[in-house]
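A.B. asks: The following block contains a protein sequence and its predicted model.
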Amino acid sequence: MLFNFVIGFLVGILALLSIVLNFVCLLVMNNTTRMLERPSSYFVINLLVADMLQAVSVLPLYILKNYNISNQFWKGVVCDGFRFSNMITFYVSALGVPLIALDRLIGAACVFQHRFFMKKRIVMIAIITCWIYVLTLCIIPFFSSDPPNKFTDEINNRCIYNPTDAWTLSMLIINCFLPYILILLSYKYFVKFLRKMKSIRIIKSNQKIRSDRVRRTNKIAKISILISICYGVLNGPSVFYYILDTICPETCFPRDFKNSLFKRCTEFIIKYLAFSNSLAPPLIYCFSHTEFLLRLQSITRILKRRKEPAVNNHNAVETTYN
């Protein structure tokens with residue numbers, strides 16, 4: 001009971017922080033015309049929306065899932081709702097990060113041609129395709145569960161959403177592991193490109209233009225590398241753990257690990273790290289963006305000015321009655 005309370009408390013704090021940060025970022029970006037005019041911003045908005053959905057739906061359902069619900073129907077609703085929504089938001093985020101990394105890479109390699117490559121229409125098609133792809137794959141476990149497991153879940157837990165081992169393994173490898181490898185390989189080219197740019201001798205008249213390009217490229221490189229680090233550190237443990245749990249659940253873990261408290265703690269820490277990834281986009285993409293911070297300060301000042309007349313009017317009314 002105490003363990004469930006600790007889980008609920010920690011996940012509740014994370015959900016609150018994630019909702020506030022992602023909502024603030026979406027609000028600021030929606031009120032910043034220049035950011036909306038950039039097609040690349042919609043890749044960030046896509047990730048913010050996915051993380052917001054995770055904080056609003058997945059995390060509360062995870063808290064409820066850890067408490068014993070007596071009603072079998074609602075127990076099944078919570079179980080299915082958590083698994084389905086968790087899969088959708090997890091894989092949309094997992095595919096959203098490579099999209100952003102690819103956009104940053106194109107922006108660094110082709111600074112002046114980037115606007116011609118990344119049109120808003122192309123970005124929106126990529127985002128919509130990503131969501132349709134994930135939704136289509138995540139519906140499969142409703143219909144393709146192993147018969148014994150599905151029967152057991154329907155009788156005891158009323159949980160119909162049961163991914164098979166083949167589905168879990170293929171999803172983790174194709175949509176998480178391979179994209180991360182591709183990101184690392186692209187950054188290998190990225191580093192070579194930066195070194196090449198620094199080694200080129202440029203004409204004195206073009207030095208300012210080139211130096212600005214190098215500065216922007218270096219900034220893109222730092223953000224992209226930070227994206228990869230956060231993605232690997234926060235999602236890596238869950239990907240490797242569930243791959244091992246699917247391939248060799250008996251040989252890769254001790255015999256007494258299956259039903260132990262240590263397993264519950266391990267899985268909670270792994271899930272909590274993955275859930276914490278919802279804080280990365282607002283902290284990396286938005287709060288490291290100068291234009292975003294300036295717009296946030298502007299909105300804050302406007303809200304303060306709106307509150308001041310209300311406070312003054314309230315004080316005036318009190319003075320009149322006194």
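C.D. replies: In hand now; what should we look at?

A.B. asks: could you pull out the helices for this structure?
C.D. replies: Here the chain has its helices, by DSSP state H, at 2-30, 33-37, 41-53, 59-65, 72-109, 114-117, 120-139, 147-156, 165-172, 178-199, 207-247, 261-276, 280-281, 290-321.

A.B. asks: Turn those into JSON lines, including mean neighbour count and distance to Arg255.
C.D. replies: Placement of C-beta: from N, CA and C, glycine included. Listed next are those as JSON lines, based on neighbours: other Cβ atoms under 10 Å; distance: least, Cβ to Cβ, whole Å:
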{"stretch": "helix 2-30", "mean neighbour count": "16", "distance to Arg255": "22"}
{"stretch": "helix 33-37", "mean neighbour count": "12", "distance to Arg255": "54"}
{"stretch": "helix 41-53", "mean neighbour count": "23", "distance to Arg255": "38"}
{"stretch": "helix 59-65", "mean neighbour count": "20", "distance to Arg255": "26"}
{"stretch": "helix 72-109", "mean neighbour count": "21", "distance to Arg255": "27"}
{"stretch": "helix 114-117", "mean neighbour count": "13", "distance to Arg255": "54"}
{"stretch": "helix 120-139", "mean neighbour count": "15", "distance to Arg255": "33"}
{"stretch": "helix 147-156", "mean neighbour count": "13", "distance to Arg255": "21"}
{"stretch": "helix 165-172", "mean neighbour count": "16", "distance to Arg255": "20"}
{"stretch": "helix 178-199", "mean neighbour count": "14", "distance to Arg255": "32"}
{"stretch": "helix 207-247", "mean neighbour count": "16", "distance to Arg255": "15"}
{"stretch": "helix 261-276", "mean neighbour count": "16", "distance to Arg255": "12"}
{"stretch": "helix 280-281", "mean neighbour count": "26", "distance to Arg255": "37"}
{"stretch": "helix 290-321", "mean neighbour count": "11", "distance to Arg255": "52"}
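
A.B. asks: residue contacts, the closest residue to Gly8 other than its chain neighbours?
C.D. replies: Excluding the flanking residues, the one nearest Gly8 by Cβ to Cβ, 6 or more residues apart in numbering is Ile63, at 4.6 Å. Going by Cβ atoms under 8 Å, 6 or more residues apart in numbering, Ile63 touches 7-8, 11-12.

A.B. asks: still on that earlier bit, need the least confident one among the helices of the chain, by mean pLDDT.
C.D. replies: Sorting the helices of the chain by mean pLDDT places helix 147-156 lowest, at a mean of 44.

A.B. asks: re earlier: in JSON lines, list the helices of the chain along with distance to Pro254.
C.D. replies: As requested, the helices of the chain are arranged in JSON lines below (distance: least, Cβ to Cβ, whole Å):
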{"stretch": "helix 2-30", "distance to Pro254": "20"}
{"stretch": "helix 33-37", "distance to Pro254": "51"}
{"stretch": "helix 41-53", "distance to Pro254": "35"}
{"stretch": "helix 59-65", "distance to Pro254": "25"}
{"stretch": "helix 72-109", "distance to Pro254": "26"}
{"stretch": "helix 114-117", "distance to Pro254": "51"}
{"stretch": "helix 120-139", "distance to Pro254": "32"}
{"stretch": "helix 147-156", "distance to Pro254": "23"}
{"stretch": "helix 165-172", "distance to Pro254": "20"}
{"stretch": "helix 178-199", "distance to Pro254": "28"}
{"stretch": "helix 207-247", "distance to Pro254": "13"}
{"stretch": "helix 261-276", "distance to Pro254": "9"}
{"stretch": "helix 280-281", "distance to Pro254": "33"}
{"stretch": "helix 290-321", "distance to Pro254": "48"}
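
A.B. asks: who's in contact with Val11?
C.D. replies: Residues near Val11 by Cβ under 8 Å, 6+ apart: 59, 62-63, 272, 275.

A.B. asks: re earlier: looking at the contacts of Ile63, spot the one nearest Tyr231.
C.D. replies: Val11 (20.7 Å; Cβ to Cβ).

A.B. asks: Distance check, that closest one against Phe275.
C.D. replies: Using Cβ to Cβ, to the nearest Å, Val11 is found at 7 Å from Phe275.

A.B. asks: for Leu95, same thing?
C.D. replies: 18 Å.

A.B. asks: and if you look at Arg306?
C.D. replies: Applying Cβ to Cβ to Arg306 and Phe275 gives a distance of 35 Å.

A.B. asks: separation between the residue nearest to Val233 when sequence neighbours are not counted and Thr129?
C.D. replies: Nearest-residue entry for Val233: Leu273, 7.6 Å, with adjacent residues in sequence omitted and distances by Cβ to Cβ, 6+ apart. With distances taken as Cβ to Cβ, Leu273 is found 28 Å from Thr129.
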